[in-house]
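>>> Here is my input, please return the structure:
(one chain, ligands or ions: 1)
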Amino acid sequence: MLTIASADIENMDKLVRVQFANSLPGPKPISLIGTIDAAGKTNLAPFSTVTHLGSNPALIGLVSRPNPVARHTLANILETKSYTINHVHSGILSQAHNCSARYPKEISEFSATGLTPHFEPSIRAPFVAESRLRFALDLVETIPIKANNTILVIGKVTLVQLPREHLHPDGSIDLFAIDSLASTALDTYFQLTPLARLPRP
Ligand SMILES: Cc1cc2nc3c(=O)[nH]c(=O)nc-3n(C[C@H](O)[C@H](O)[C@H](O)COP(=O)(O)O)c2cc1C
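You can find the predicted model right below:
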């Protein structure tokens, strides 16, 4: 086995370290975060740090990078307290990936990439019409992670949309049928292959 110590990680070239550290947790979901500012300007950005924090209430966390440059997603969430999480499938992968380009605030990633905004009457932030599993959240809490100046953003799920046939009676969602993708680092994407559903031990 190759042994890599923390000093080796610190000495890595920046981009190598990003790839390496980002691969350690294994594949993570990749979603488009839909937001809007108070003036009505929409924004989309891919995030891979989306994680389930609890079911009652249904809470989801995501980690936003530090803020030395404009972070439109974070700024919009703080401004309107509303955002959507939209699963990415292979048919929209290249558009989703291109949403990570640093567009100026005046340019919405929807118009830049050709993805279609979808609005629901009760939800301020835009959904991605092409996404097959999408949900809206209200911001409930932000927790600064002092060690690297990132922010854990916690939201409560307020509305979920998916094709009816992919929600099973036991509450599970058929993410394989939906073709939800996973990712590591900022450039590597995976499709899911179902392996097993095991009985409770
Ligand atoms: C696959 C992938 C995953 C990403 N995950 C995150 C993430 O979890 N958190 C984050 O802050 N940025 C993440 N990014 C970077 C943002 O998408 C990128 O900084 C984007 O420009 C932010 O846009 P905004 O300024 O409109 O919010 C990711 C990028 C890619 C390509």
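
>>> alpha carbons only for contacts and neighbour counts from here, please
Fine.

>>> Okay, helices next: where are they in the protein?
Assigned by DSSP state H, the helices in the chain fall at 6-11, 14-23, 72-80, 93-98, 109-113, 175-178.

>>> May I have the fourth one as PDB, with CA atoms only?
This file holds the C-alpha atoms of helix 93-98, laid out as PDB (Å, rounded to 0.1, in the frame of the first residue of the first chain):
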ATOM      1  CA  LEU A  93     -24.600  16.600 -17.800                       C
ATOM      2  CA  SER A  94     -22.700  18.900 -20.200                       C
ATOM      3  CA  GLN A  95     -25.000  21.800 -19.500                       C
ATOM      4  CA  ALA A  96     -24.900  21.200 -15.700                       C
ATOM      5  CA  HIS A  97     -21.100  21.000 -15.900                       C
ATOM      6  CA  ASN A  98     -20.900  24.300 -17.800                       C
END
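
>>> residues of that helix that come out buried?
Using 16 or more other C-alpha atoms under 10 Å as the test for burial, helix 93-98 gives 95, 96, 97, 98.

>>> Distance to the ligand and pLDDT for the residues you listed - can I get that in TSV?
Output for the buried residues of helix 93-98, formatted as TSV (distance: C-alpha to the nearest ligand atom, whole Å; pLDDT from 0 to 100):
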residue	distance to the ligand	pLDDT
95	11	97
96	8	98
97	5	98
98	8	96
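
>>> Tell me how far residue 167 lies from residue 155.
22 Å (C-alpha to C-alpha, to the nearest Å).

>>> How about residue 176?
25 Å.

>>> higher neighbour count, those two?
residue 155 (25 against 14; other C-alpha atoms under 10 Å).

>>> What residues are bridge-paired with the more buried one?
For residue 155, the beta-bridge partners are residue 60, residue 139 (DSSP bridges).

>>> ok, it - contacts?
Counting by C-alpha atoms under 8 Å, 6 or more residues apart in numbering, residue 155 makes contact with 59, 60, 61, 137, 138, 139, 140, 141.

>>> what's the pLDDT at it?
Looking at residue 155, its pLDDT reads 98.

>>> give me the low-pLDDT residue ranges for this protein?
By pLDDT under 70, the low-scoring segments of the chain are 67-70.

>>> Which residues of it lie near the ligand?
With C-alpha under 6 Å from any ligand atom as the criterion, the chain comes near the ligand at residues 43-49, 63-65, 70-73, 97, 100-102, 183, 186-187.

>>> same thing but 8 Å
30, 43-50, 62-66, 70-75, 97-103, 105, 109, 150, 183-189 (C-alpha under 8 Å from any ligand atom).

>>> Show me which of the contacts of residue 155 are buried.
For the contacts of residue 155, buried by 16+ other C-alpha under 10 Å: 59, 60, 61, 137, 138, 139.
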